[in-house]
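Peer 1: Dropping the sequence and predicted coords here.
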Amino acid sequence: MLQQELLIAVLTVLNESQINYMVTGSIVSSIQGEPRLTHDIDILLTITKHEVPKLIKAFPPPRFYLDQDAANSASTC
């Protein structure tokens, strides 16, 4: 999967789930005209514990990896 395809897939799920997010890092820098060599995608989420299972379901293994315990500990009530 290309980086752009992955970004679109993730943002589609976040938008459909009405989860607040912010895309940041090298991908935003590149879009704004300062290309960088890294190929990662940085996304910050505001997510509650009851939204974590939606993400786990939307991005199932083995193609994706989401640590449910880490997501739960990083989420809000």
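Peer 2: In hand now; what should we look at?
Peer 1: Show the residue spans covered by the strands in this protein.
Peer 2: Using DSSP state E, the strands found in the chain span residues 20-24, 42-46.
Peer 1: can I get those strands in JSON lines with mean neighbour count and mean pLDDT?
Peer 2: C-beta here means a position set from N, CA and C on the backbone, and glycine is covered the same way. Formatted as JSON lines, those follow (neighbours: other Cβ atoms under 10 Å; pLDDT from 0 to 100):
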{"stretch": "strand 20-24", "mean neighbour count": "12", "mean pLDDT": "94"}
{"stretch": "strand 42-46", "mean neighbour count": "13", "mean pLDDT": "93"}
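Peer 1: Tell me which of those sits nearest to Phe64.
Peer 2: strand 42-46 (13.4 Å; Cβ to Cβ).
Peer 1: rewinding a little: can the strands of the chain go into JSON lines with extra columns for distance to Asp67?
Peer 2: Putting these into JSON lines (distance: least, Cβ to Cβ, whole Å) gives the following:
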{"stretch": "strand 20-24", "distance to Asp67": "18"}
{"stretch": "strand 42-46", "distance to Asp67": "14"}
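Peer 1: Kindly format the C-alpha coordinates of stretch 9-26 as PDB.
Peer 2: Extracted C-alpha coordinates of stretch 9-26, given in PDB (Å, rounded to 0.1, in the frame of the first residue of the first chain):
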ATOM      1  CA  ALA A   9      -7.600   4.800   4.500                       C
ATOM      2  CA  VAL A  10      -6.800   5.900   8.000                       C
ATOM      3  CA  LEU A  11      -8.400   9.400   7.700                       C
ATOM      4  CA  THR A  12     -11.500   7.800   6.200                       C
ATOM      5  CA  VAL A  13     -11.900   5.600   9.300                       C
ATOM      6  CA  LEU A  14     -11.200   8.500  11.600                       C
ATOM      7  CA  ASN A  15     -13.700  10.800   9.800                       C
ATOM      8  CA  GLU A  16     -16.400   8.200   9.700                       C
ATOM      9  CA  SER A  17     -15.900   7.400  13.400                       C
ATOM     10  CA  GLN A  18     -15.900  11.100  14.200                       C
ATOM     11  CA  ILE A  19     -12.600  10.800  16.000                       C
ATOM     12  CA  ASN A  20     -10.700  14.100  16.300                       C
ATOM     13  CA  TYR A  21      -7.200  14.000  14.800                       C
ATOM     14  CA  MET A  22      -4.300  16.100  13.600                       C
ATOM     15  CA  VAL A  23      -1.800  15.000  10.900                       C
ATOM     16  CA  THR A  24       1.700  16.300  11.600                       C
ATOM     17  CA  GLY A  25       5.300  15.500  10.900                       C
ATOM     18  CA  SER A  26       7.100  15.000   7.600                       C
END
